[in-house]
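Visitor: fold the following for me, if possible:
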Amino acid sequence: MNSVIHNTLTSAGWRGQGMGYRGAEERLLFPYTDLFPVYLIQSFGWAGGLLLLALTCWLVLKMFSYARAVSDTYGRMLILALTLMLSIRLLYGLSILSGRMPLVSIPFPFLSYGQHVFIEFAALGLLMGVYRRKDMLPAGQAPSSL
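Guide: Numbering: from 1, shown residues only. Presented below is the predicted three-dimensional model:
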C-alpha cells in the first residue's frame, strides 16, 4: 500500500489530476476515509497539499494558543485534551504521506467520510465554547467588594 501511495503522490504534480481522474480511485482503497490527504494531493496537486499542511499547522497552533489564554485550570486541561486528541489525528493523517508511518484505519479529521466527523466538530465546538468564556470568573471565586 505504501508503494501505491508513493506512486499516487509522485504522479500528482503541482496542479494535480483533477477531481474526475479515475486513476487514484482504482489504485487506492477507500480514498475518501483513510487516505483522504493522498486523494486531495492527487486531485489538487502539491499546491493543494501544501495548503492543507499550512491550514493544519495553523489550526493546531491556534488550539494550543487557546489553552494558554484560558486561566481556569479545568478549562485549560479540557482544551489541552481536546487539542491533543484532534492534533494527533491531524498530524497522523498528514504523516502517512511520508510512507514511513504504519497504515491503520484512522480517518482524517473534519474532512473524511463517516460519523466521526460529528464528534470532531462537537469537540471543536466545546473547545471554542471554553475559549469564549475565558474572561469569566471561575465558580469558586467571588468578586471583590469595593
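Visitor: following element in sequence after the helix or strand of the chain with the lowest mean pLDDT, please.
Guide: Ranked by mean pLDDT, DSSP states H and E, the weakest helix or strand in the chain is helix 23-27, scoring a mean of 56. Downstream of helix 23-27, the first helix or strand assigned by DSSP states H and E is helix 36-69.
Visitor: tell me what that following helix is packed against?
Guide: helix 2-10, helix 23-27, helix 73-95, helix 116-132 (3 or more C-beta pairs under 8 Å, 6 or more residues apart in numbering; DSSP states H and E). Backbone N, C-alpha and C define where each C-beta goes, glycine included.
Visitor: for it, what is the distance to the chain centroid?
Guide: Relative to its parent chain, helix 36-69 has a centroid offset of 7 Å by C-alpha atoms, centre = their mean, to the nearest Å.
Visitor: cool, stretch 93-104 as well?
Guide: Counting by C-alpha atoms, centre = their mean, stretch 93-104 is centred 14 Å from the centre of its parent chain.
Visitor: please export the alpha-carbon coordinates of that stretch; CSV is fine.
Guide: Presented in CSV, the C-alpha positions along stretch 93-104 are these (Å, rounded to 0.1, in the frame of the first residue of the first chain):
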residue,chain,number,x,y,z
GLY,A,93,-3.2,11.8,8.7
LEU,A,94,-0.5,14.0,7.1
SER,A,95,2.4,11.8,8.2
ILE,A,96,1.2,8.8,6.2
LEU,A,97,2.2,10.9,3.1
SER,A,98,5.8,10.2,4.0
GLY,A,99,5.4,6.5,3.6
ARG,A,100,7.1,5.7,6.9
MET,A,101,4.1,5.5,9.2
PRO,A,102,2.1,2.3,9.6
LEU,A,103,-1.2,2.4,7.9
VAL,A,104,-4.1,1.9,10.4
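Visitor: contact partners of it?
Guide: Stretch 93-104 is contacted from outside by 1-2, 5-6, 9, 34-38, 41, 49, 52-53, 56, 92, 106-109, using C-beta atoms under 8 Å, 6 or more residues apart in numbering.
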